[in-house]
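Peer 1: Give me coordinates for this.
(2 chains)
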Amino acid sequence: MNIEHVSGFKYRIPKEGKMRVDAAFYASEGILEDLKSEDYASLQQICNVATLPGVVEPALTMPDIHWGYGFPIGGVAAFDPEDGGVVSPGGVGFDINCGVRLLISELSREEVDSSGGRTVGDPQKNRLADALYEGIPSGVGKGRKDTGFGKKDLEEILVEGVGALVARGYGEQADLENIESSGKLPGADPKEVSERAYRRGVSQLGTLGSGNHFLEVQYIDEVYDEEAAQAYGLSEGKVTVLIHSGSRGLGHQVCQDYVERCIGAARRYRIDLADRQLAAAPIESPEGEAYLGAMAAAANFAFANRQLITHSTRQAFGSAGFDSEDHHFRVLYDLAHNNAKFEEHDSREVLVHRKGATRAFGPGNEELPERYRSVGQPVLVPGDMGRYSFVLAGTEGAMSETFGSSAHGAGRKMGRRAAKRAAKGRNLRRELEGKGILVRAANRATIDEEMSEAYKDATEVVDTTDRAGIGKKVARLRPLIVVKG
Amino acid sequence: MIRMLDHTADVGFELEAPTLEALFDEGRQALLMTMFEEPPKGGEGERFVRLSGPDRETLLVRWINELVFFVQEEKFVPAGAELRIREDSEEVLSLEARLVGVPLDLEGHGWQGEIKSATFHGLDVTPGNEGWQTRVILDV
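Peer 2: Model (predicted):
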């Protein structure tokens, strides 16, 4: 593979063969070594993306790049509808609008964790952990019946997103201000969502899921940028809650349905696919428009999912003895890392696919809430459950270099089966308790496969992102309680 | 023959079997090996499946996704199957199956994790030394 070093942490792969544009990626020396050790398989995937019609230069990957299905994880690619640009369901992923939401509170770490993590049996902390685990369904097959939502409710939620839940009393109007796109992607068309997707979604709204999805109670342990931290309302020692979840079975079904439909469309429109999972249709085609309508609907489901989990989180804190007047939980920000959105970049409207990458709009952008506009959009980068997560800020560098995009997480370095083998004979729950982290999980297999050692250290991704100028470090968060499916 | 894959970020399996029906049934078995530490065998419950697709690969993806749906949404583990695959025309393959199985028991079967979908990534169902072969990657 022909890789050119552009400057600092930026590299370019000049177009060759069927590539229509150059590819570019961001990496430290360590990340570059990892890419080399896999024979550049992930970079080959972004080169495949660069062959799709209407792609705008460059096709990109973020520092948390790893091998995916069609698009690499960490992939960003923009397509121009006026240039025959395409939309690819695989470029969004099965978990449409999977993302993270950070809640911040007025609680201090000592109020939740009075022993500083030294006492496993801390009654307050355990009471809170139990309340969260019982209040938020997680794991396979766990649905919700408490909301009583039927298909009609779901249709409205697919169109209106978070607003439909706030109107029903699940959250506060102020929550909407700090959610990407105000918690509603326009253009959602519930008619383009299949019956099976509805069937899978109706009981899963407000559930966490499993695998690498989680809810984590954390505290802010270090602030790197005082100005941004102040704008966001972050200060050391304050308690936060990070929620990672997506569109559940509804989104998975929408993606399944449309990957197949777009494989057929690609044949009809003579789109040459390097990988069938890159199946695509012209944005301005019946198939493309149908997918965008269904994708927006699934995206709104995901926003609504995190809203209902937020509501349950507030309730769980209440039942554990923290009134809303104590915690004042508010949404710092909610952003997605799997979607396709129409955005203006370099004075043209393009459809930006982000697959395991987050939007990271820089200072001055009018889409941002007023209080954040001077410092840029919050960017949330979860790490693993044993170490830390990060808050960054969007930058002008991201706007000019990466279609306003940044990294989304740490990335795995160990396969799931290997992780389970490594966990044999160990009690990971006990190990985490020894670090002051309580775990509540639906089953042991999830804890094992999500062990810290299975993930790269998020610090390397975040430091590379910061030094590359595509995201500025603001604060680090450490876990106190982890809830997993 | 079933060989489980263990790469960094993906889960999947390679299959080789003398007939297409045997290959698809191996796909069922491999899926259960991915989902459970101790996949059940046999059972009293019964389900019927009818699927079709324009090619072998699409049919295989639909088959595996149907099985995922049975486990994760219907709470039915398809522990055994009798399948028939027919070429109805040049562009249509159809599959009929009778599944036997048991109710989902997360603890008893040793639940290993949710599957989002079978993917088309690198998927080809092709003639091999033992009849038919394929490699399936799952999104988890």
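Peer 1: For A:Gln119, what are phi and psi?
Peer 2: Actually, residue A:119 is Thr. It isn't Gln. The phi/psi pair for A:Thr119 (degrees, to the nearest 10) reads phi -110, psi 110.
Peer 1: residues near it, how many?
Peer 2: Using other Cβ atoms under 10 Å in any protein chain shown, A:Thr119 has 14 other residues around it. Quick note: C-beta positions are derived from backbone N, CA and C, even for glycine.
Peer 1: partner residues bridging the residue nearest the centre of chain A?
Peer 2: Taking Cα atoms, centre = their mean, the centroid of chain A lies closest to A:Gly99, which sits 2.8 Å from it. With DSSP bridges as the criterion, A:Gly99 is bridged to A:Ser245, A:Ala336.
Peer 1: Ok, A:Gln218 next?
Peer 2: A:Gln218 has these beta-bridge partners by DSSP bridges: A:Thr240, A:Pro479.
Peer 1: rewinding a little: the residue nearest to the centre of chain A and A:Arg354 touch, don't they?
Peer 2: No. Counting by Cβ atoms under 8 Å, A:Arg354 is not a contact partner of A:Gly99; they are 10.0 Å apart.
Peer 1: and for these two, which residues touch both?
Peer 2: Residues within reach of A:Gly99 and of A:Arg354 at once, by Cβ atoms under 8 Å, 6 or more residues apart in numbering or on different chains, are A:336-338.
Peer 1: For A:Glu460, give its distance to A:Val379.
Peer 2: 16 Å (Cβ to Cβ, to the nearest Å).
Peer 1: Those two - which one has more neighbours?
Peer 2: Shown here are A:Glu460 and A:Val379; by other Cβ under 10 Å, A:Val379 has more neighbours (30 against 19).
Peer 1: Backbone dihedrals for the more buried one, please?
Peer 2: phi -120, psi 130.
Peer 1: Which helix or strand contains A:Cys255?
Peer 2: Assessed by DSSP states H and E, A:Cys255 sits inside helix A:248-268.
Peer 1: Pretty sure A:Tyr69 is one of the things A:Lys355 touches, is it not?
Peer 2: No. Counting by Cβ under 8 Å, A:Lys355 does not reach A:Tyr69; the two are 9.2 Å apart.
Peer 1: what sits in contact with each of these two?
Peer 2: A:Gly90.
Peer 1: Who are the contact partners of A:Val352?
Peer 2: A:76-78, A:340-343, A:345, A:403-405 are the contacts of A:Val352 under Cβ under 8 Å, 6+ apart.
Peer 1: If we use 7 Å, what do you get?
Peer 2: Contacts of A:Val352 were listed using Cβ atoms under 7 Å, 6 or more residues apart in numbering or on different chains, and they are A:76, A:78, A:340-341, A:343, A:403.
Peer 1: ditto for A:Lys15
Peer 2: Here A:Lys15 is in contact with A:21-22, A:50 (criterion: Cβ under 7 Å, 6+ apart).
Peer 1: repeat that for 8 Å
Peer 2: A:Lys15 neighbours (Cβ under 8 Å, 6+ apart): A:21-23, A:50.
Peer 1: Of the residues you listed, which is the nearest to A:Tyr40?
Peer 2: A:Ala23 (10.9 Å; Cβ to Cβ).
Peer 1: Let me see the ranges of the helices in the stretch 1-150 of chain A.
Peer 2: Ranges of helices in the stretch 1-150 of chain A, per DSSP state H, counting those that start in this stretch, are A:29-37, A:41-49, A:109-112, A:123-135.
Peer 1: how close does A:Arg268 get to A:Asp113?
Peer 2: With Cβ to Cβ as the criterion, A:Arg268 and A:Asp113 are 58 Å apart.
Peer 1: between these two, who's got more neighbours?
Peer 2: Per other Cβ under 10 Å, whichever of A:Arg268 and A:Asp113 has more neighbours is A:Asp113, with 23 against 10.
Peer 1: so where's the stretch 151-300 of chain A uncertain?
Peer 2: For the stretch 151-300 of chain A, applying pLDDT under 70 flags no range at all.
Peer 1: Can you name the residues of it that neighbour chain B?
Peer 2: A:196, A:199-200, A:209-211, A:249, A:252, A:255-256, A:259-260, A:263-264, A:275-277, A:279 (Cβ under 8 Å from any Cβ of the partner chain).
Peer 1: just the contacts of A:Val352 that are near chain B?
Peer 2: Of the contacts of A:Val352, not one also sits near chain B (Cβ under 8 Å from any Cβ).
Peer 1: surely A:Cys98 meets A:Ala302?
Peer 2: Yes. Shown here, A:Cys98 and A:Ala302 form a contact pair, counting by Cβ under 8 Å, at 6.5 Å.
Peer 1: residues shared between the contacts of those two?
Peer 2: Common neighbours of A:Cys98 and A:Ala302, counting by Cβ under 8 Å, 6+ apart, are A:245-247, A:251, A:336.
Peer 1: How far away from the center of its chain is stretch A:222-231?
Peer 2: 22 Å (Cα atoms, centre = their mean, to the nearest Å).
Peer 1: Alpha carbons only: can I get that stretch in PDB?
Peer 2: Provided in PDB are the C-alpha atoms of stretch A:222-231 (Å, rounded to 0.1, in the frame of the first residue of the first chain):
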ATOM      1  CA  GLU A 222      -9.100  15.800  35.400                       C
ATOM      2  CA  VAL A 223      -9.800  18.900  33.400                       C
ATOM      3  CA  TYR A 224      -7.400  19.800  30.600                       C
ATOM      4  CA  ASP A 225      -9.000  22.900  29.100                       C
ATOM      5  CA  GLU A 226     -10.500  25.300  31.600                       C
ATOM      6  CA  GLU A 227     -12.300  27.500  29.100                       C
ATOM      7  CA  ALA A 228     -14.200  24.600  27.400                       C
ATOM      8  CA  ALA A 229     -14.800  22.900  30.800                       C
ATOM      9  CA  GLN A 230     -16.400  26.000  32.100                       C
ATOM     10  CA  ALA A 231     -18.600  26.400  29.000                       C
END
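Peer 1: Not counting that stretch itself, show me its contacts.
Peer 2: So stretch A:222-231 is contacted by A:234-236, A:371-372, A:374-376, A:393, A:472-476 (Cβ under 8 Å, 6+ apart).
Peer 1: same thing but 7 Å
Peer 2: For stretch A:222-231, the external contacting residues (Cβ under 7 Å, 6+ apart) are A:234-236, A:371-372, A:374-375, A:393, A:472-476.
Peer 1: Kindly write the ChimeraX command that selects the buried subset of these.
Peer 2: Under the burial definition 16 or more other Cβ atoms under 10 Å in any protein chain shown, those of those that qualify are selected in ChimeraX by:
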select /A:234,372,375,393,472,473,474,475,476
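Peer 1: May I see the contacts of stretch A:222-231 arranged in a markdown table, with distance to A:Asp189 and secondary structure as well?
Peer 2: Compiled in a markdown table, the contacts of stretch A:222-231 are given as follows (distance: Cβ to Cβ, whole Å; DSSP: H, G, I helix; E, B strand; the rest coil):
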| residue | distance to A:Asp189 | secondary structure |
| --- | --- | --- |
| A:Leu234 | 38 | coil |
| A:Ser235 | 43 | coil |
| A:Glu236 | 45 | coil |
| A:Arg371 | 33 | helix |
| A:Tyr372 | 31 | helix |
| A:Ser374 | 37 | coil |
| A:Val375 | 36 | coil |
| A:Ala393 | 34 | strand |
| A:Lys472 | 37 | strand |
| A:Lys473 | 39 | strand |
| A:Val474 | 37 | strand |
| A:Ala475 | 39 | strand |
| A:Arg476 | 41 | strand |
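Peer 1: No more questions from me, cheers.
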